[in-house]
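Peer 1: Below are the sequence and a predicted model for it; my questions follow.
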Amino acid sequence: MAPTLYDKKPEPGDLIEIFRGKYQHWALYVGDGFVVHLAPPSEGPGAGANSMMSVLSDKAKVKKEEIWDVVGHDQWCVNNLLDKKYQVRPIREILREAQAYVDQEMPYCVFRGNCEHFVTDLRYGKAESRQVRQAVETVGMAAMVGFGVLAVAGIAVSIFGGGSKKKNEEEEYK
């Protein structure tokens with residue numbers, strides 16, 4: 001049995017966060033030991049780096065599977081991450097909608113329609129992905145730092161001069 005990070009037993013409608021190393025997979029607990037999740041072809045317990053290939057997929061299938069088949073040996077926890085931000089939809093509606101998606105193929109995009117978007121849309125009626133937001137912020141910050149370095153270099157060149165020593169010597173003798 002895979003370890004949980006907390007001793008909280010999932011309840012129907014709870015979001016399950018599964019730690020796959022460099023990223024998290026998300027599922028919705030529907031009761032009786034089952035979850036519903038959006039799974040690109042490369043997703044699965046122990047997939048490791050292969051699961052990162054899901055960024056190349058444009059389709060995924062909604063599956064209903066036993067939680068332990070999805071979790072494998074990875075750590076997981078109940079994480080209803082947006083409960084303070086959004087109102088939780090009625091559990092009956094969440095479960096009915098989740099069941100209606102089972103076995104359907106859906107468009108998949110790691111930035112706009114991944115497993116986290118799927119389950120947050122079911123629970124809250126709002127498709128959000130904290131992983132994507134954090135990745136965008138990280139890339140944005142790296143771009144800002146890169147731009148800042150270039151700007152400082154440009155200022156330094158304009159203050160201290162960017163000409164070569166040879167060019168400066170030629171101007172001296174004119």
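Peer 2: Arrived safely. Numbers count the residues shown, from 1 in each chain.
Peer 1: for Glu65, which residues make a bridge with it?
Peer 2: Note on Glu65: beta-bridge partners Val35, judged by DSSP bridges.
Peer 1: That one: how many residues sit nearby?
Peer 2: Glu65 is flanked by 17 other residues according to other Cβ atoms under 10 Å. Glycine gets a C-beta too; all of them are placed from N, C-alpha and C.
Peer 1: Kindly report the same for Asp83.
Peer 2: 12.
Peer 1: Ramachandran coordinates for it?
Peer 2: With angles defined as degrees, to the nearest 10, Asp83 shows backbone torsions of phi -60, psi -30.
Peer 1: Quick check, pLDDT for it.
Peer 2: According to the model's per-residue confidence, Asp83 sits at a pLDDT of 97.
Peer 1: pLDDT score assigned to Gly162?
Peer 2: pLDDT recorded at Gly162 is 51.
Peer 1: my bad, should have said Glu66
Peer 2: The confidence metric pLDDT takes the value 96 at Glu66.
Peer 1: now do the one 3 residues further on
Peer 2: Confidence per residue is given as pLDDT, and for Asp69 that number is 94.
Peer 1: buried sites along the helix or strand where it lies?
Peer 2: Assigned by DSSP states H and E, Asp69 falls within helix 67-71. Applying a neighbour-count criterion of 16 or more other Cβ atoms under 10 Å, the buried positions in helix 67-71 are Ile67, Val70, Val71.
Peer 1: Could you verify my assumption that the second one touches Val36?
Peer 2: Just to be clear, that refers to Val70. No - using Cβ atoms under 8 Å, Val70 is not in contact with Val36, being 9.7 Å away.
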